[in-house]
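Enquirer: okay, sequence plus prediction incoming.
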Amino acid sequence: MTEWAHPALLLLAGAALLPLLGGTAKKIFTVALPLAALALCAAASRGSYAEFEFLGQQLAPWRVDRLSTLFSCVFSLMGVLGAVYAFHKNDARQQAAGLVYLGGALGVTLAGDLLTLFVFWELMALSAAALVFAGKKPESGEAGLRYLLVHLFGGVCLLSGILLHAAGTGSVAFESMTALSGSPACYLILAGFLLNAAVPPLGAWLPDAYPRASVTGAVLLTAYTTKSAVYALMRGFPGAELLIWLGAAMAVYGVIYAVLENDARRLLAYHIISQVGYMVCGVGIGTQLALNGAAAHASAHIIYKGLLFMGAGAVLEVTGKSRLSELGGLYRSMPATMALYLVGALSISAFPLFSGFVSKAMVVSAAGESSAAVPFLLLTLASAGTFLHTGLKLPYYMFFWKDSGVRAQEPPQNMLAAMALAALLCLLIGLFPQALYSLLPFPCDYRPYTASHIVSSLGILGFTALGFFMFLRRLDPEPGLSLDTDWFYRKGAAAFMNFLNGPFEKFCAALHGIFFDRLPEKLSLASANPRAFMRILLLEGRLYFSGPGGEAVLRERLEAARNVYPGDPHRYRPVGSTVLWVITFLLAYLALYYLSN
Amino acid sequence: MEALILFFYLLGGLGVFLLGLEIMSEGLQKTAGQGLRKILSLATANLRAAFRFSLLLIILAEALTVYYFGLGHPYFSFEKIPAFGSLYGFFSCVVIILASKFLGKLFISKKEDYYD
């Protein structure tokens, strides 16, 4: 009986009320609201609420089933953790943007129709851009603007797809569209979803924007945009074969890029892409185990990725640095941060007893059950790469390595508290996987802790570590930047602006000169005495084509004609000739009119 | 009633397990004695040695579980290669590092002010 307040609207209303509150009350409010949303999402019983008709379409803004309940609860839970992490900051703009962002994510998750989905989808893009802007550096502003432009493009794709879909089927209900695949509507909707899921080549916005967002904002960013897109893919395109290959490719793509990365938060951002690859692959496989695995991995991923970003963010908050080449030796001054970060690192690396182990394995097993050997091998390869970077490279260069001389202390208590809560959740999921499995959309009897699974995982992880220590010298972080598909719009936009400011500007100036200066001048000159003007033109033409013989005579005549121009045309022209001309033109017009009919 | 029986089974099992452990350690001490103790202390003398020793244990364990417990999820024939996980993990690590370094040299890596 709690289906009277839509969680997303609750958060939006709360964000609107935020400026009315002061200091501490405001901070408590930002934690209490996601908690209330969590309670509402968890307590809502199955069904569809608050349906109404709009523009002749049946809208269902609050659909509750197992899948939407799982995602909305995990989103709200992460909202609570993010609010605790940001508790020491009194920045109303970020707090409000965070609440609206969570509201958007919940709205997308609970939407039973595509129009509601689209509205909350755009709301997420706007509020996420506000969190990127909150980085308050020049590059944050630029990255935020790019983020906004890319996501508005994705939104336009989605909306055109939805409109075509509605026109084609007459319904905007958000159900599986796999059966309709091949139609332009489906491809447009899919493109919108894939853009938000950061699937290459549409995913370059993620490592571009997230590392430049504010420390507390980035923690929320890692959770909602990509995972709500995974949710939308699970609803709309389960079992679409294209997604298997896209997912497997993006899992490997993320780890390949992470090798070259120097910025801690950008390295983690590439691992979001890699991890979302597992989920997209699971959606593509489409069996019950695979969909369960995608949902479980999304849930576990939200918590441990939040924890990892919290750890890297805490280092950035305290030292002001996030480049690995400038960090090192922090284990002395930040032991608690390091320990909590390592829990997240072991979780994402799928270490036994940690959360990633029980969720990632489901997707990989599903690939095995469907006899998809290449995706199976690619996903396993990517999991080695995940441990290589987030479990070994990042902690090694951030907390150990050389003493960089950076002086640091532990971050504020509330940051550590949020990290401890997230770490506890990672361990609980890893130790008691059945608790997570019981919340999955389909009945699940998967057993992660089998002897062969444990030893083969340990083998993969252990021998990845061996490779890491063998190549240690070659992995030292270097300042630099990696080209991604954002090259096309970053360089493309610059080239376009150069074209506008250079050649195009000149072309416009030339057109302006012709049509606004020279042509009117000539015309007004010509209209002073058209007959004499024609004569001058004729003479000029004859002079141009004449041989050397008659040139002198022609030149003299031209000179004479120019000297008397425009003369006195009115006095010598009888009115009759003008009337004759008018009649001639009218007749010509008449003839033309009849001919054209 | 069933719970009680289960509890006694558990108790008995635990007893047998502890007894077995005791006998085994006694026997090991008798047969290996100082030799095994020396190997163990050598293997864990420093971090590097401990790491290598645990890798050895892992690869042995992985190769042996197949024979003792069978494959948990035998999806593909290549999984039947002894210690497939360990070998593939090492292979993956090397491939990822080399491939990305190669691609980085080829065109991905640029100076930090590339876009300015």
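Expert: Okay, I see it. Residues are numbered from 1 along each chain as shown, chains lettered A, B, ... in the order given.
Enquirer: residues contacting residue 86?
Expert: If you meant another chain, say so; for now it's chain A. Taking C-beta atoms under 8 Å, 6 or more residues apart in numbering or on different chains as the definition of contact, the neighbours of residue A:86 are A:30, A:94-95, A:98, A:216, A:219. C-beta: built from backbone N, CA, C; applies to glycine.
Enquirer: try chain B instead
Expert: A:456, A:459-460, A:462-463, B:55, B:58-59, B:62.
Enquirer: ditto for residue A:9
Expert: Taking C-beta under 8 Å, 6+ apart as the definition of contact, the neighbours of residue A:9 are residue A:103.
Enquirer: how confident was the prediction at it?
Expert: Looking at residue A:9, its pLDDT stands at 90.
Enquirer: can you check the one 10 residues further on too?
Expert: The predicted local distance difference test score for residue A:19 is 84.
Enquirer: that one - nearest residue in space that isn't next to it in sequence?
Expert: Leaving aside its chain neighbours, residue A:19 sits nearest to residue A:92 (5.9 Å; criterion: C-beta to C-beta, 6 or more residues apart in numbering or on different chains).
Enquirer: tell me the contacts of the one you found?
Expert: Counting by C-beta under 8 Å, 6+ apart, residue A:92 touches A:18-19, A:26.
Enquirer: dump the contacts of residue A:86 to TSV, plus distance to residue A:128, secondary structure and neighbour count.
Expert: Formatted as TSV, the contacts of residue A:86 follow (distance: C-beta to C-beta, whole Å; DSSP: H, G, I helix; E, B strand; the rest coil; neighbours: other C-beta atoms under 10 Å in any protein chain shown):
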residue	distance to residue A:128	secondary structure	neighbour count
A:30	17	helix	26
A:94	12	helix	23
A:95	15	helix	24
A:98	10	helix	32
A:216	13	helix	26
A:219	12	helix	31
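Enquirer: now, among those residues, which is nearest to residue A:554?
Expert: residue A:94 (81.2 Å; C-beta to C-beta).
Enquirer: can you map out the strands along chain B?
Expert: Taking DSSP state E to define them, one finds strands in chain B at B:109-110.
Enquirer: okay, now the domains of it?
Expert: Here chain B is described, according to automatic domain parsing, as comprising the domains B:1-31, B:34-108.
Enquirer: any chance of TSV for the ones you listed, columns distance to residue A:590 and mean pLDDT?
Expert: Rendered in TSV, the data for these read as follows (distance: least, C-beta to C-beta, whole Å; pLDDT from 0 to 100):
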stretch	distance to residue A:590	mean pLDDT
domain B:1-31	111	74
domain B:34-108	69	77
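Enquirer: thinking again about what came up before, quick check on the contacts of residue A:92: which are buried?
Expert: Buried members of those, scored by 16 or more other C-beta atoms under 10 Å in any protein chain shown, are A:18, A:26.
Enquirer: so which of the contacts of residue A:92 are in helices?
Expert: If you go by DSSP state H, the contacts of residue A:92 have residue A:26 in helices.
Enquirer: turn the contacts of residue A:92 into a markdown table, including distance to residue A:547.
Expert: Converted to a markdown table, those look like this (distance: C-beta to C-beta, whole Å):
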| residue | distance to residue A:547 |
| --- | --- |
| A:18 | 89 |
| A:19 | 88 |
| A:26 | 93 |
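Enquirer: thinking again about what came up before, need the contacts of residue B:86 in TSV (columns: distance to residue A:161).
Expert: Written out in TSV, the entries for those read as follows (distance: C-beta to C-beta, whole Å):
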residue	distance to residue A:161
A:456	42
A:459	45
A:460	40
A:462	46
A:463	45
B:55	51
B:58	49
B:59	51
B:62	47
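Enquirer: run through the residues of the stretch 251-400 of chain A sitting next to chain B.
Expert: When proximity is defined as C-beta under 8 Å from any C-beta of the partner chain, the stretch 251-400 of chain A approaches chain B at A:255-257, A:259-260, A:365, A:368-369, A:371, A:373, A:376-377, A:380-381, A:384-385, A:388.
Enquirer: for chain B, just list every one of the helices.
Expert: Counting by DSSP H, chain B has these helices, from start to end: B:2-31, B:34-43, B:47-69, B:84-103.
Enquirer: in the last one, what's buried?
Expert: Neighbour-count burial for helix B:84-103, counted by 16+ other C-beta under 10 Å, picks out B:84-97, B:100-101, B:103.
Enquirer: can you report phi and psi for the residue nearest to residue A:19?
Expert: Note on residue A:92: its backbone torsions stand at phi -60, psi -40 [degrees, to the nearest 10].
Enquirer: sorry, back to before: what's the most buried one of the domains of chain B?
Expert: Of all the domains of chain B, domain B:34-108 carries the top mean neighbour count, a mean of 16, counting by mean count of other C-beta atoms under 10 Å in any protein chain shown.
Enquirer: who touches residue 94 in this structure?
Expert: Let's take chain A. By C-beta under 8 Å, 6+ apart, the contact list for residue A:94 reads A:86, A:130-131, A:134, A:214, A:216-217.
Enquirer: my bad, the chain I had in mind was chain B
Expert: Neighbour list for residue B:94: A:467, A:471 [criterion: C-beta under 8 Å, 6+ apart].
Enquirer: what values do phi and psi take at the closest residue to residue A:288 other than its chain neighbours?
Expert: When the adjacent residues along the chain are set aside, residue A:288 lies closest to residue A:442, with 4.2 Å between them (C-beta to C-beta, 6+ apart). The phi and psi torsions at residue A:442 (degrees, to the nearest 10) take the values phi -120, psi 160.
Enquirer: do the same with residue A:329
Expert: Geometry field for residue A:329 lists phi and psi as phi 70, psi 20, criterion degrees, to the nearest 10.
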